[in-house]
Structure formats: structure tokens, C-alpha cells
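Trainee: Generate coordinates for the sequence data below:
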Amino acid sequence: MKILNLGCGTKVSSSLDMVNIDWSIYLRIKQNPFLRIIAPLFFKGERLIRFNSLPNNIIVHNLAKGIPFPSNSVDVVYHSHFLEHLDRDMAKVFLLEIKRVLKHNGIQRIVVPDLEKACRAYVSHIPACEKDTSEANNHDAYVATIIEQSVRKEAFGSSQQKHLRRFIENTFLGDARKRGETHQWMYDKINLSIFLTSLGYKNPQVQSYNQSLIPDWNQYGLDLDTSGNEYKPESLYLETQK
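Mentor: Numbers count the residues shown, from 1 in each chain. Down below sits the predicted model:
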């Protein structure tokens, strides 16, 4: 079985079934023998740990240029927290490109932030604030879950660095929008299913983080953390077929 993990960042699988594809700075440095040696100058702490854990079954490729595989050649395509970073026109092009490389009845597994869950949490928190005024201090976190990443100006990783490093990263890598970190749209089980069927996909089905139509999906660990729990809670998991 051949599985593509698109826009993988550092969440990858070393399985022989898996091809991890991304254009992130981590992967571009990993691909370059010289930059690999001096990687500790670029990355510290958790960033360096993630970099050192990257396997070799990675293709460094800009997905804006398409998916580097022949038509009807792939069994499964997976992408997580990627689609929402594309504007609607680009999202359509991306999903049609996935359809091109999938075999007949091949499966696309999509993971995105679930707008429905975020909105339900926001609405349910309002009575809690009215009942306990101290709880209102936490309310912006519920708003942020819905819109913060759409309006973010500085990339999150850079914002956590010390002053000089933060300045250098923002100067050379650009702001959050330039790095593709901002959300361009939000999805729930309704609009994502309609979007997919409008492009000719069939049988959109909501799954959970540890359930899938893909055989032995959990062995790849892409939706699990190191303890076997859900890697990105409050996500929507949806699968569809070509």
C-alpha cells in the first residue's frame, strides 16, 4: 500500500508504506548535508528534538506545484491541519490534485480543526461566565479557538523565541501569513462533505482519531501522540473515496 502524508511538517511516519511530503524549513535543512551538520544553530530545545527525529522517507516538495506522483498511483492520501491554510480556490485545486493521484476507490483522510466543536464550546461557555464572573477571564480562549489563527500576525514558533532570535526569524522568514500559518477557511462535517462531493468524491464519512477505513491506520501514529492519545484534540476526521 502506498500512502502520501501531505504537508506533514515534522509529524511523519517511518513506515515503508508512507511517503512524507512537505516544503517546511525543517525538511529543507534535513535534505541538505551541510545544513544538517549546523542544524543546532537553527533549532533549540523541542525544535531540535523534532528535527533529529525526522526519518529519511521524506520528499521536500512545494505542493503548490502539484503532487509529484502519477495519476491513479496512490492508495491513500492523508493531510492534517493543512486544508484550512489554503484559500478556497487553492483548496479546490489541491483536492482535485489529490483525486488525480488516487487510485479508483482510493481513500483521502482529512483532518481539520472542527468549527462545529469550537462553536459549541464557545456558546456553552457563555452561561458559565454569567454564572461565575471569574470564569469570564477565560472566555477569550474560546474566541481564540475560532479566529485567532485567522488574524495572527506573527508565527507562533517565532513568538516563543528570545528577542534576537525572534527578530532574525521574523526578518528572514516573514510573518505568519507569509509562512502559510494563518487559517483561510474553517470546516465542519457539513461544508467539508459538500465541498468534496462537488468535486466528484464519494461516500464522505466522519471518523474518529483512532478509527478509519484505512487498514491498520493506527500503526502509522499520525493521529496519535507518543502516549497513544489523540494528537490534535477538537479535530474533525473525515474520509472520502475517489
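
Trainee: quick one: strands adjacent to the biggest strand by length in the chain?
Mentor: Longest strand in the chain, counting residues (DSSP state E): strand 102-113. Under the criterion DSSP bridges, strand 102-113 sits next to strand 74-80 (parallel), strand 235-241 (antiparallel) in its sheet.

Trainee: contacts for the first one?
Mentor: Looking back up the chat, that one is strand 74-80. The contact list for strand 74-80 (C-beta atoms under 8 Å, 6 or more residues apart in numbering) reads 1-7, 11, 98, 101-103, 106-112, 214, 222-223, 232, 235. C-beta: built from backbone N, CA, C; applies to glycine.

Trainee: quick one: the residue nearest in space to the middle of the chain from C8, how far?
Mentor: The structure's the chain has its C-alpha centroid closest to H81; by C-alpha atoms, centre = their mean the separation is 2.5 Å. According to C-beta to C-beta, to the nearest Å, H81 and C8 sit 11 Å apart.

Trainee: Just the CA atoms of stretch 146-156, as CSV, please.
Mentor: Output of stretch 146-156 as CSV, limited to C-alpha atoms (Å, rounded to 0.1, in the frame of the first residue of the first chain):
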residue,chain,number,x,y,z
ILE,A,146,-12.3,30.1,16.3
ILE,A,147,-10.5,33.2,15.0
GLU,A,148,-7.0,33.6,16.5
GLN,A,149,-5.1,31.8,13.8
SER,A,150,-7.0,33.7,11.1
VAL,A,151,-5.8,37.0,12.4
ARG,A,152,-2.4,36.0,13.8
LYS,A,153,0.4,38.4,12.6
GLU,A,154,3.5,36.7,14.0
ALA,A,155,4.3,33.0,13.5
PHE,A,156,3.7,31.1,16.8
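
Trainee: Next one: the closest residue in space to F94 that isn't next to it in sequence relative to G7, how far apart?
Mentor: In space, and not counting its chain neighbours, F94 is closest to L86: 5.9 Å by C-beta to C-beta, 6 or more residues apart in numbering. As judged by C-beta to C-beta, L86 and G7 stand 10 Å apart.

Trainee: was I right about E116 contacting N191?
Mentor: No - using C-beta atoms under 8 Å, E116 is not in contact with N191; the gap is 9.8 Å.

Trainee: what about the helices in this structure?
Mentor: Counting by DSSP state H, the chain has helices at residues 25-31, 33-37, 39-42, 45-52, 88-101, 115-131, 139-151, 156-159, 163-173, 189-198.

Trainee: JSON lines for these, including mean pLDDT, mean neighbour count and distance to V19?
Mentor: Formatted as JSON lines, the helices of the chain follow (pLDDT from 0 to 100; neighbours: other C-beta atoms under 10 Å; distance: least, C-beta to C-beta, whole Å):
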{"stretch": "helix 25-31", "mean pLDDT": "70", "mean neighbour count": "18", "distance to V19": "13"}
{"stretch": "helix 33-37", "mean pLDDT": "68", "mean neighbour count": "10", "distance to V19": "20"}
{"stretch": "helix 39-42", "mean pLDDT": "66", "mean neighbour count": "12", "distance to V19": "23"}
{"stretch": "helix 45-52", "mean pLDDT": "68", "mean neighbour count": "13", "distance to V19": "19"}
{"stretch": "helix 88-101", "mean pLDDT": "98", "mean neighbour count": "16", "distance to V19": "11"}
{"stretch": "helix 115-131", "mean pLDDT": "96", "mean neighbour count": "14", "distance to V19": "30"}
{"stretch": "helix 139-151", "mean pLDDT": "93", "mean neighbour count": "14", "distance to V19": "27"}
{"stretch": "helix 156-159", "mean pLDDT": "66", "mean neighbour count": "15", "distance to V19": "25"}
{"stretch": "helix 163-173", "mean pLDDT": "68", "mean neighbour count": "12", "distance to V19": "26"}
{"stretch": "helix 189-198", "mean pLDDT": "98", "mean neighbour count": "16", "distance to V19": "22"}
